[in-house]
Every structure is written in C-alpha cells, then in structure tokens.
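In: below are the sequence and a predicted model for it; my questions follow.
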Amino acid sequence: MEHDGVVPILPDGKTGGNACCVLELPFSNNKSLLVSKSGKHSNFPLLITDVCYIHSFDLQNWSCEFSSSSENIRPSSDTPLYWACLIVAPEKFQWKLKPSFAMHGHASANDQDCIKWNIPVSDKETRFSTREDAQEMLSLLEKFPYPENKVFLRKKHGFFILGQDAQEVFDIYESQVKTKFTEIINSENVIKGRSLLDPEIAENQHFYALLRNYFYVNFLLL
C-alpha cells in the first residue's frame with residue numbers, strides 16, 4: 001500500500017496505514033487481535049516483532065491491554081477502530097459472517113467518488129482514533145453490514161477493508177481500492193514509499209499463519 005501511495009508518508013517519516021487480524025486461542029473463549037505497531041517508518045518492512053498482541057480494548061474507558069516484543073513497540077493508534085470492526089460489530093450487529101482480517105490506509109476520497117464506487121462513507125468527520133471516531137465507525141458498520149460490504153471509508157480518516165483472511169483482503173485491495181484511491185493520491189502528489197507489508201511476506205500469504213503461530217507459541221511461554 002505504501003508503494004502505491006495509498007498509505008501516505010506522514011511528516012515524521014512514518015506510514016499512515018496498518019493491518020490487523022483476529023486471534024482465537026484454543027484454550028480461551030475470548031478473541032484477541034494482532035495489530036501492527038504504531039509508527040512504522042517508511043521503506044522498512046513490517047517484521048513479526050513489530051506486531052502487538054491486543055488482549056482487550058475497553059471502548060468505554062478507552063484503555064488497552066496488550067503485549068509486545070519490547071516496551072518501545074506499542075499498538076497502532078487505530079487499534080480501537082480495529083476492535084470495533086473485528087470484535088464489537090460482528091457480535092453487536094449479529095453478522096452472519098465474521099471478518100478475521102482488516103487493513104487500513106489513510107488515503108481518503110470525497111462523498112461523490114464513494115457513491116460512484118459503492119463504498120459506504122461515514123456521516124461525520126472526527127479526530128482520529130478517539131471515542132467519537134470509533135462510534136462513527138460502528139454507526140457506519142451498522143448501516144452497511146459485512147459481508148454485503150467489505151470496504152468502508154471513515155470521512156477524512158481513510159479506508160478500511162474487512163475480509164475472512166489476508167488473501168481476501170489483499171485481493172479486495174488490488175481489485176477495488178488500489179486503482180480508485182491511487183488516482184486520487186496521484187492527483188494530490190502524495191509521496192510514495194514502499195509497501196506496508198513486505199512483498200515477500202504479502203505475496204506468499206504466510207504472513208497471517210506466521211503471526212498466529214508466533215504469538216501462540218510466545219503467549220504460552222509467558
């Protein structure tokens with residue numbers, strides 16, 4: 001996504017995009033998340049040690065319990081929106097299928113383009129990664145449920161892609177998001193960098209399974 005310009009390079013040199021997947025441990029009824037770290041620098045691949053294990057996120061008290069490879073690795077500020085998309089919404093809105101993987105880029109588009117592309121867009125603009133942001137995300141997901149809809153736009157924040165697994169999300173990105181949003185990005189002269197997910201990882205699709213196995217083993221060793 002970074003190479004395509006769909007995750008813009010922020011003023012501090014970090015990428016405006018991330019990815020997340022659901023983790024279901026066999027000895028627990030609770031679902032957790034694996035989310036990429038906050039502040040991934042441009043032109044650096046995403047490593048396994050750059051991923052955070054999210055035990056829980058309390059949307060009411062705005063608190064997160066997580067584990068990571070070091071104290072310097074903290075979860076993306078978009079974690080509450082991933083929690084809303086992948087944990088809260090499927091149960092709250094009784095979706096018949098529950099997504100397990102999500103990807104987010106800070107590229108945006110106007111309402112007219114989204115209507116033309118049949119991409120649901122939220123009504124209100126809010127500050128990023130706030131209670132209001134998460135609530136607007138949930139409102140959008142309630143109006144346009146998954147799996148009938150798999151690409152969503154938080155107004156002036158960016159797009160979210162939901163899918164059953166990493167392969168489906170990457171396919172949706174390539175077929176529905178990349179071309180549309182790249183045209184807008186190119187017209188606005190956004191700086192391009194390298195892919196959010198290293199191509200060698202993304203293309204062979206070991207990414208999802210590797211993350212699950214890594215955190216499962218390390219969680220047992222804690």
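Out: Happy to help now that I have it.
In: would you map the strands across this structure?
Out: 17-24, 31-36, 51-58, 63-67, 101-105, 151-154, 158-163 (DSSP state E).
In: what pLDDT, on average, does the second one get?
Out: For strand 31-36, the per-residue pLDDT values average out at 94.
In: with the third one instead?
Out: Along strand 51-58, the predicted local confidence has a mean pLDDT of 95.
In: pull the helix or strand with minimum mean pLDDT from this structure.
Out: helix 199-204 (a mean of 38; mean pLDDT, DSSP states H and E).
In: show me what the residue most central in space within the chain is bridged to.
Out: With distances taken as C-alpha atoms, centre = their mean, residue 103 lies nearest the centre of the chain, 3.4 Å away. Counting by DSSP bridges, residue 103 is bridged to residue 19, residue 161.
In: what sits against it?
Out: Counting by C-beta atoms under 8 Å, 6 or more residues apart in numbering, residue 103 makes contact with 1, 17, 18, 19, 20, 160, 161, 169, 170, 173, 196. Where C-beta positions appear, they are placed from N, C-alpha and C, glycine not excepted.
In: and residue 124, how many neighbours?
Out: 13 (other C-beta atoms under 10 Å).
In: wait, isn't it in contact with residue 137?
Out: No - Residue 124 is beyond contact range of residue 137, at 10.7 Å (criterion: C-beta atoms under 8 Å).
In: if we can go back for a sec, who wins for neighbours among the contacts of residue 103?
Out: Neighbour max across these (other C-beta under 10 Å) = residue 1, 31 neighbours.
In: pLDDT score for that one?
Out: Looking at residue 1, its pLDDT stands at 65.
In: and if you look at residue 178?
Out: pLDDT at residue 178 comes out at 83.
In: what about it, how many residues nearby?
Out: 18.
In: measure it to residue 103 for me?
Out: Shown here: residue 178 relative to residue 103, a distance of 11 Å by C-beta to C-beta, to the nearest Å.
In: which residues touch the residue nearest to residue 92 when sequence neighbours are not counted?
Out: Leaving aside its sequence neighbours, residue 92 sits nearest to residue 138 (C-beta to C-beta, 6 or more residues apart in numbering; 7.4 Å). Contacts here follow C-beta under 8 Å, 6+ apart; on that basis residue 138 touches 84, 88, 89, 92.
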